[in-house]
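Peer 1: Pasting the sequence and the predicted coordinates here, then a few questions.
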Amino acid sequence: MTGLYIHIPFCASRCIYCGFYATLTKNAAKRENENTLTQRQRYINAVCKEIGKQKAELSTIYFGGGTPSQLTSEELVQIFEQINKTFLHHTNNGATQLKEITIECNPEDITEDFVQILKTLPFNRVSMGVQTFSDERLKFLHRRHTSSKIPEAIQLLRSVGINNISIDLMFGFPNETQEEWIADIEKAIALNVEHISAYSLMYEEGTALYTMQKHQRVKQIDEEQYREMYEVLIDRLEKAGYEQYEISNFAKQGFRSQHNSSYWHNIPYIGIGAAAHSYDLNTRRWNYADLTKYINAIEQDKPAYEEETIDANTHYNDSIVTALRTKEGLNIAEFEEKYRRYFLTNAASYIENGYLRKNDTCYTITRKGLYISDTIMVDLIIA
C-alpha cells in the first residue's frame, strides 16, 4: 500500500516562518491576470498528467501545500477524476474506499461555500493551520485569519460531516510567556478536535523570520524556555486524552495521522507536484522546486525530478531519524548485524543515562530524551 501526496504550491500570502515551496497567488475565482490563470491551469494539468503515470495501490491521499484550500471546486474535481482513473477504477466508489483523505486548509478559507465543495468530494480529514489563538501573534506571522475564525471554521467542517480534524499549533514566539502558551493549549483542547500537531517556531534560512533574527529584530527563545513549553504541552494534552504518538503529534484514540505515519514507518509514498518527494524503498525522488521548470518537464514528457538510490547506510540513517520519532520506536532486528552493533555501541550511553529505553528489540526515546532527540539521532546515524 502507498500514500499519495499532492503538493499545491499556491498561497494568498507568505507566512514569515514558512520554508516550504510555494508561490503567491490570488484566489482563482477572483483572478484578473490571464497569464497567471493559464499557468495555474497548466500546473493542475501537469499534476494530473503526473498522476496518470503512476502505478500503485493507495492507502491514503494527502493534499498539502502551500494552501490546498485555495483550489476551486473545478480544480479539485479535475484532480480527483484523474486519481480515480489512475488508481481506483477497480472499485465502485473510487476514492471513497480509502481510509484517509486529507486536505490542508487555512481557517479563513473555510466558508459556507467551501465546506459545500468538501461535501461533494471524498475528503474525510482536514488539517487546519491554526498556529495560535493570539491575534497579535497571528499578525506577527502574517497569517490572514483571526482567532475568532477558528471555532467558526471547526463548526462549519462538522456541519458537513468532517469528523477527523487536526490543527497545527506553534510555540516559542519572541517574548511569549508560559501563561500565554498554556492559554493556547487550553483553547485548542476546548475545540475538541481529534488531532493536534505542535511545533516550536523555527528560524529556517531563507525565510523572512530568519532574516529578522539575523538583523536582531527578534530573538529566539532559549533552550530552557523551549523545554518548559514542551513539558506543559505534553502534560496538558495527555491529561485531555491525547496520545503522543510522535515527537510533535498528538491524537485521540483511533485518530493518528495514517498518511504521515507512513513517513515514519518505512511505507512507500508518491509525491505529485512541484517540490514533492517520492519513496519506493529503493529510491527517493524529489520534483523540481520550480513551478515553470516542473510544468515544462511534465508537458514535454521529460523527468521532472532528481533521484538517488538508497543504499544500506542511507536506509539505516533514514530509519534512525524517522522511527525514533515515534512511540513504537526503532526495531533493530530489521537491520543487518553490523548496523545493530553500530547502533548499540553508539546508543549505550543514552540507554545508561535514561534517554533511550529498550522494549524487546525496539528502542524508543524516553520523555527525558525528547529534549535532546536531535542530538541522539545525530550520534546514531552513520556520517
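Peer 2: Noted; the coordinates are in hand.
Peer 1: Where does the prediction get shaky in the stretch 1-150 of the chain?
Peer 2: When residues are selected by pLDDT under 70, those of the stretch 1-150 of the chain lie in 19-20, 24-37, 89-96.
Peer 1: Run through the strands of it in chain order.
Peer 2: Using DSSP state E, counting those that start in this stretch, the strands assigned to the stretch 1-150 of the chain run over residues 2-8, 10-11, 23-24, 58-65, 100-105, 125-131.
Peer 1: The stretch 201-350 of the chain now?
Peer 2: Under DSSP E, counting those that start in this stretch, the stretch 201-350 of the chain gives strands at 243-246, 249-251, 269-272, 277-279, 283-287, 305-309, 330-331.
Peer 1: right, so of these, which gets closest to Met1?
Peer 2: Between Met1 and the strands of the stretch 201-350 of the chain, the tightest spacing by C-beta to C-beta is seen for strand 269-272, at 10.0 Å. C-betas here are computed from N, CA, C, even on glycine.
Peer 1: any residues touching that closest one, and which ones?
Peer 2: The contact list for strand 269-272, computed with C-beta atoms under 8 Å, 6 or more residues apart in numbering, reads 2-7, 47, 50-51, 54, 56, 262-263, 277-279, 285-287.
Peer 1: Give me the buried positions along it.
Peer 2: For strand 269-272, burial by neighbour count (16 or more other C-beta atoms under 10 Å) applies to 269-272.
Peer 1: again, but for stretch 176-190
Peer 2: Using 16+ other C-beta under 10 Å as the test for burial, stretch 176-190 gives 176, 180-181, 184-185, 187-189.
Peer 1: Could you do stretch 287-307 as well?
Peer 2: Result for stretch 287-307 [16+ other C-beta under 10 Å]: buried residues 287-288, 290-291, 294-295, 297-298, 304-305.
Peer 1: Just the residues contacting it, thanks.
Peer 2: 7, 9, 21, 23, 39, 42-43, 46, 49-50, 271-278, 283-286.
Peer 1: top helix in this protein by residue count?
Peer 2: When the chain is scanned for its longest helix (criterion: DSSP state H), the result is helix 34-52.
Peer 1: Please work out which residues outside that one touch it.
Peer 2: Contacts of helix 34-52 (C-beta under 8 Å, 6+ apart): 4, 6, 9-10, 25-26, 28, 31, 75, 78-79, 82-83, 85-86, 272-274, 291-292, 294-295, 298-299, 304.
Peer 1: repeat that for 7 Å
Peer 2: By C-beta atoms under 7 Å, 6 or more residues apart in numbering, the surrounding residues in contact with helix 34-52 are 6, 10, 25, 28, 31, 75, 78-79, 82-83, 86, 272-273, 291, 294-295, 298-299.
Peer 1: Ok, stretch 102-118 next?
Peer 2: For stretch 102-118, the external contacting residues (C-beta under 7 Å, 6+ apart) are 62-65, 67-70, 73, 76, 123, 125-130, 144-145, 149-150, 153, 156-157, 159-160, 162, 259.
Peer 1: switch the cut-off to 8 Å
Peer 2: 60-70, 73, 76, 123, 125-130, 143-145, 149-150, 152-153, 156-157, 159-160, 162, 166, 257, 259.
Peer 1: Okay, and the beta partners of the closest residue to Ala323 other than its chain neighbours?
Peer 2: What sits nearest to Ala323 in space, not counting adjacent residues and going by C-beta to C-beta, 6 or more residues apart in numbering, is Leu330, at 4.2 Å. Here Leu330 sits in beta bridges with Tyr363, going by DSSP bridges.
Peer 1: Quick check: the gap between Leu330 and Ile365.
Peer 2: 9 Å (C-beta to C-beta, to the nearest Å).
Peer 1: Same check on Asn249?
Peer 2: 14 Å.
Peer 1: ditto for Ala12
Peer 2: 38 Å.
Peer 1: Same drill for those two, tell me which one is more crowded.
Peer 2: Ile365 (23 against 16; other C-beta atoms under 10 Å).
Peer 1: if we can go back for a sec, can you get me a residue count around the residue nearest to Ala323?
Peer 2: Residues lying near Leu330 (other C-beta under 10 Å) number 24.
Peer 1: which one is Ile247 nearest to, not counting chain neighbours?
Peer 2: Arg325 (4.8 Å).
Peer 1: Quick check, that neighbour in contact with Ile376.
Peer 2: No. Taking contacts as C-beta atoms under 8 Å, Arg325 lies outside contact range of Ile376: 10.8 Å.
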